[in-house]
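Asker: Coordinates for the following, if possible.
(2 chains)
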There are 2 protein chains.
Amino acid sequence: MTFEVLILGSGAALPTSFRNPSSQYINCNNRHILIDCAEGTQHQLRKHGVLFQKIEHILISHLHGDHFFGLVGLLSTMSLLGRKKKICIYCPEGLEKIIQLQLEVGHAKLDFEVIYIFHQFKEHKIVFEDKQIQIETFPLRHRIPTAGFVIREKDKEFRILGDEFKKAQLSLTAIPFFKAGKDFEDESGEKFSYLDYTLPPKKSRSYAYCSDTNYYEKIIPFIQGVTCLYHEATFLDIMKKRAKQTFHTTALEAATIAQKAEVQKLIIGHLSRYTSDKEHLEEAMSIFPNTRVAHDGMLLLI
Amino acid sequence: MTFEVLILGSGAALPTSFRNPSSQYINCNNRHILIDCAEGTQHQLRKHGVLFQKIEHILISHLHGDHFFGLVGLLSTMSLLGRKKKICIYCPEGLEKIIQLQLEVGHAKLDFEVIYIFHQFKEHKIVFEDKQIQIETFPLRHRIPTAGFVIREKDKEFRILGDEFKKAQLSLTAIPFFKAGKDFEDESGEKFSYLDYTLPPKKSRSYAYCSDTNYYEKIIPFIQGVTCLYHEATFLDIMKKRAKQTFHTTALEAATIAQKAEVQKLIIGHLSRYTSDKEHLEEAMSIFPNTRVAHDGMLLLI
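Answerer: Residues are numbered from 1 along each chain as shown, chains lettered A, B, ... in the order given. As a prediction, the model looks like this:
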């Protein structure tokens, strides 16, 4: 199954010729999710050929403009292009009013339902789940209330060993037991261990998004062991003070979080325009070697 | 003196790969003006190398999103980049509240003064003037209150013929009289006609912007004889009904306005994504031959 993240905007507050501010599109087992929506997100979606009417969940981390100024435009475009399917927006309280006001002044309305689910910012929470995936939010530490996100595949099933199963001529009613990792007892009372007829489930993959935030160890339990962590690294270690003051993170700190949370891979983004990718990368890799720098258009296979 | 218009967005409501929605940057005798500010305008300004901190006047025609969704982002960027100089925004009432709300939710503020001058929509009005230029607004006819704009050079002075002036050994006090097209009488009572010592003033140039609007003949007196008219031409004549219903104009109608107002040149824009430039151009040129189709990045020398 597909689990891909397309980076639409990898920069900090100011758009540059190479980096748009924050936005990412995720396809996780055909659940289509947008994280953050800076100005120009709809342009980026179009540029990269994303069928954006498929998006069903929009996660807005916080209400700084470089994370949401593109939302009203995207919603308007979806409506103008005929969308009727509802959309869920997970966001801080207050966003609904902003969107409404901008539409109302133009006597405009959206032809589809928008469901706003407001962040609590107090604890780790599953805000959406179905058979395939779950979406979790947890608090980050920034100048204003800000949420981090984890998108996680649900635990997968044990995989039936077809040949062994056939040979044993077992009843098909054993299958749900084995898939769930449970032994099966047939009508005569004979027991069959799932271990003999299955391979362990494939590992569930997970993707965590932490932007914007200070260095904040309290997030570690929520992102522990994720397949891929996107963490902001706005500054370098030499600008540590400024990072702290502005509630951002240095590349060194992002890598420390990745290391302590034992994630598999780290992507750093939300980079300041005044320093080079190379500097950020080298600094992060000194702590956590499996690091890459995000760039607009980057496709991550989770 | 420079009088240039840079088209930043020439499309209708939906951004495409080739056309951003409405926005234009004007340099008229070193007065720097932005007309409309769709999402992505700051990206377009950057792409085309405009020193956008020079902008002192922003004219917003109406409050449909494709004409103002980029404003808050542009103002934020101006502030982040250190702007201290005030800016004047000529716009419909209601825009101030939208901008304020979007900043407030992020605990953000602009480090420069924004002066809002609200459109009256009732009559032709000069909303700004200095020695060099004047900016005029007038009502268009659209689904919601909408203003058109004229940017006009002030009447220029008569040009002194240096050689003739020297030969006559006239007092320098004659100059302001001649520049103003008035005769001069010296202390002895002798009269000197300005006609003998001057060339007529260079013609003052003017640029009119009419988007979005129905075909609306009442605007003709306000744009009479302008050097260049930008008029929306969202539809073709075969979609005349739809143009009327949606309060837009066809290429044929835009050309008719240009012809009746005896403008020197017509630029058509705000084109629908479903028809070709060629079709719009041919239709307009059948009525008004000196027509061009706007495209993003087009530089008009007025």
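Asker: Quick one: the helices in the stretch 1-150 of chain A, in order.
Answerer: With DSSP state H, counting those that start in this stretch as the criterion, the stretch 1-150 of chain A has helices at A:41-47, A:71-80, A:95-104.
Asker: Please identify the one among those helices that comes closest to chain B.
Answerer: helix A:71-80 (4.2 Å; CB to the nearest CB). For the C-beta atoms, the positions are set from N, CA and C on the backbone; glycine is no exception.
Asker: Which pLDDT value belongs to A:Leu170?
Answerer: pLDDT recorded at A:Leu170 is 88.
Asker: tell me the contacts of it?
Answerer: Neighbour list for A:Leu170: A:Phe184, A:Asp186, A:Phe192, A:Tyr197 [criterion: CB atoms under 8 Å, 6 or more residues apart in numbering or on different chains].
Asker: in what helix or strand does it lie?
Answerer: Using DSSP states H and E, A:Leu170 maps to neither a helix nor a strand.
Asker: Closest one of the contacts of A:Leu170 to chain B?
Answerer: Minimum distance to chain B across those is 53.1 Å, recorded for A:Tyr197 (CB to the nearest CB).
Asker: and chain A, which residues reach chain B?
Answerer: When proximity is defined as CB under 8 Å from any CB of the partner chain, chain A approaches chain B at A:13-17, A:20, A:39-40, A:42-43, A:46-47, A:62-65, A:69-70, A:72-73, A:76-77, A:80-81, A:92, A:94-95, A:97-98, A:101-103, A:105-108, A:143-144.
Asker: at 7 Å instead, please
Answerer: A:13-15, A:17, A:39-40, A:42-43, A:46, A:63-65, A:69-70, A:72-73, A:76-77, A:80, A:94, A:98, A:101-102, A:105-108, A:143-144 (CB under 7 Å from any CB of the partner chain).
Asker: and those, which are buried?
Answerer: With burial judged by 16 or more other CB atoms under 10 Å in any protein chain shown, the buried subset of those is A:13-15, A:39-40, A:42-43, A:63-65, A:69-70, A:72-73, A:76-77, A:80, A:94, A:98, A:102, A:105-106, A:108, A:143.
Asker: Can you list the buried residues in the helix or strand containing A:Lys241?
Answerer: Assigned by DSSP H and E, A:Lys241 falls within helix A:240-245. Within helix A:240-245, the residues that count as buried by 16+ other CB under 10 Å are A:Ala243.
Asker: Give me the contacts around the helix or strand following that helix.
Answerer: For helix A:240-245, the following helix or strand on the C-terminal side (DSSP H and E) is helix A:251-260. With contact meaning CB atoms under 7 Å, 6 or more residues apart in numbering or on different chains, helix A:251-260 is reached by A:215, A:217, A:220, A:229, A:231-233, A:236-237, A:266, A:268, A:280, A:283-284, A:287-288, A:291.
Asker: Restricting to C-alpha, output helix A:251-260 in CSV.
Answerer: The C-alpha trace of helix A:251-260 is given here as CSV (Å, rounded to 0.1, in the frame of the first residue of the first chain):
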residue,chain,number,x,y,z
ALA,A,251,19.3,21.5,13.3
LEU,A,252,21.3,20.0,16.2
GLU,A,253,18.2,20.0,18.5
ALA,A,254,16.0,18.4,15.8
ALA,A,255,18.6,15.7,15.4
THR,A,256,18.7,15.2,19.2
ILE,A,257,15.0,14.7,19.3
ALA,A,258,15.2,12.2,16.4
GLN,A,259,17.9,10.3,18.2
LYS,A,260,16.1,10.2,21.5
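Asker: Off-centre distance for it?
Answerer: 18 Å (CA atoms, centre = their mean, to the nearest Å).
Asker: Show me which residues of it are buried.
Answerer: Residues of helix A:251-260 classed as buried by neighbour count (16+ other CB under 10 Å): A:Ala251, A:Leu252, A:Glu253, A:Ala254, A:Ala255, A:Thr256, A:Ile257, A:Ala258.
Asker: Over to stretch A:269-285?
Answerer: For stretch A:269-285, by 16+ other CB under 10 Å, it's A:Gly269, A:His270, A:Leu271, A:Ser272, A:Thr275, A:Asp277, A:His280, A:Leu281, A:Glu283, A:Ala284, A:Met285.
Asker: How far away from the center of its chain is that stretch?
Answerer: For stretch A:269-285 - counting by CA atoms, centre = their mean - the centre lies 21 Å from the chain centre.
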